[in-house]
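1. Okay, here's the prediction I keep looking at, along with the sequence it came from:
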Amino acid sequence: MENVDEKYSVELNFVDEFNLSRNGMIKEIKTEFDIIKLCLQEKNELDKQYTPMLDRILVMPLRKLLCEDSSVLLNVCPDFKMPCLEGVPVVISDYQTMIRPRFVVKSMKQWILVEQWLEQNISWFD
């Protein structure tokens, strides 16, 4: 007689990719935004010593949503736009310049597609 455990064994697979349904993609986007909201909330609650760690956690869902080739956000909403990263050039070392943001967001009519947003220079070496 066949062993039931062997017949119905399931292995977790973190290597192979699979396609999510539209509902699955929307749930994935919601989860990533929930992680972002949680990190922002905890930054206000925890001591400043935790800020660098929370920033590192916070950047992962942003990178996943905005920068990955298989971004579920861009798959569901290919015309997703972001505000321009405008600011003042500041020299932060002898050879490096960065754009220090103004904390002002222009109207949504002036926002740009994610592809354009990702091409913006925010720091460079002379």
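-> That came in fine, so what should we check first?

2. can you give me the strands in this structure?
-> Here the chain has its strands, by DSSP state E, at 81-82, 87-91, 96-101, 112-113, 123-125.

3. Which of the ones you listed sits closest to residue 42?
-> Proximity to residue 42 (C-beta to C-beta) singles out strand 96-101 among the strands of the chain, at 22.4 Å. To be clear about C-beta, it is placed using only N, CA and C from the backbone, and glycine gets the same treatment.

4. List the neighbours of that closest one that are in contact with it.
-> Residues outside strand 96-101 that contact it (C-beta atoms under 8 Å, 6 or more residues apart in numbering) are 85-92, 121-126.

5. Distance of residue 62 relative to residue 108?
-> Residue 62 sits 19 Å away from residue 108 when distances are taken as C-beta to C-beta, to the nearest Å.

6. what about those two, which has more around it?
-> The neighbour comparison of residue 62 against residue 108 (other C-beta atoms under 10 Å) goes to residue 62, with 14 against 8.

7. Pull the contacting residues for the more buried one.
-> residue 36.

8. With respect to residue 19, which of the strands of the chain lies nearest?
-> strand 112-113 (23.7 Å).

9. Just checking: what are the partner strands of that closest one?
-> Looking at strand 112-113 with DSSP bridges, its partner strands are strand 81-82 (antiparallel).

10. Domain boundaries for the protein, per the record?
-> Residue ranges of the domains in the chain are recorded as 1-78, 79-126, according to automatic domain parsing.

11. nearest spatial neighbour of residue 91, skipping sequence neighbours?
-> If the residues on either side of it in the chain are set aside, residue 91 comes closest to residue 97, at 5.3 Å by C-beta to C-beta, 6 or more residues apart in numbering.

12. and the longest helix for this protein?
-> If you go by DSSP state H, the chain has its longest helix at helix 22-45.

13. coming back round to it: quick check, nearest of the contacts of strand 96-101 to residue 32?
-> Nearest to residue 32 among these, with distances taken as C-beta to C-beta, is residue 85, at 20.4 Å.
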